[in-house]
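Engineer: Give me a model of this one.
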Amino acid sequence: MRFENVITLEQQTRAEDQAAAAQARAQARETRRLQEEVQRIQREAQRIREETQGQVRVQVGGDARPQVITVPAPPWERRNEIPPQAVDIVTMFFIAVVIIIVGLPIARAIGRWIDRRGMPSPVNAELAAQMNRIEQAVDTMSVEVERISEAQRYQAKLLTDREKVRA
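Structural biologist: Got it, this is the predicted structure:
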């Protein structure tokens with residue numbers, strides 16, 4: 001038996017692994033090349049887009065100067081654009097929310113302060129008792145003064161009636 005042609009299982013798997021690794025490296029190189037090509041094409045498209053900025057030059061008639069026609073960007077390129085009015089509206093909305101969040105507690109505090117300012121200050125118990133006694137004394141005096149005035153009217157009426165009887 002010749003040992004020259006005998007390949008062990010280990011040598012065969014090593015050879016297969018090397019072939020698979022070489023094939024994977026070749027695929028990786030091809031993938032990198034394709035990615036670089038795609039990036040180059042994207043850069044070129046972006047450069048062209050920036051140069052033209054949506055303008056297309058068209059040769060009309062025999063004129064030496066081409067006429068410039070502005071063409072809007074296709075919808076797939078406009079999907080990320082936000083109209084300036086929307087930005088203003090959103091800004092105003094957030095400003096209003098901040099004013100409400102900050103202003104409402106301040107307005108309530110001012111309202112409570114105004115309400116408290118109109119209320120009389122609390123009176124201590126001794127002063128309240130003294131005020132009650134004075135109020136009762138004034139009421140009693142007013143009743144007495146009313147009685148005195150009634151008595152004077154009655155006496156004045158009697159005097160006038162007596163003079164009428166004499167006359």
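Engineer: helix, strand or coil for residue 82?
Structural biologist: Classification of residue 82 using DSSP: H, G, I helix; E, B strand; the rest coil returns coil.
Engineer: Now do it against residue 88, distance only.
Structural biologist: Distance of residue 82 to residue 88, given as CB to CB, to the nearest Å: 11 Å. To be clear about C-beta, it is placed using only N, CA and C from the backbone, and glycine gets the same treatment.
Engineer: go on, residue 165?
Structural biologist: Taken as CB to CB, the span from residue 165 to residue 88 is 101 Å.
Engineer: out of these two, which sits in the more crowded spot?
Structural biologist: residue 88 (10 against 7; other CB atoms under 10 Å).
Engineer: distance of residue 36 from residue 139?
Structural biologist: 107 Å.
Engineer: next one: residue 108
Structural biologist: Residue 108 is 43 Å from residue 139, where distance means CB to CB.
Engineer: ok now do the residue sitting nearest the centre point of the chain, which residues does it touch?
Structural biologist: Geometric centre of the chain, nearest residue: residue 94, 3.0 Å, by CA atoms, centre = their mean. By CB atoms under 8 Å, 6 or more residues apart in numbering, the contact set of residue 94 is empty.
Engineer: Which element, helix or strand, includes it?
Structural biologist: Using DSSP states H and E, the element containing residue 94 is helix 84-118.
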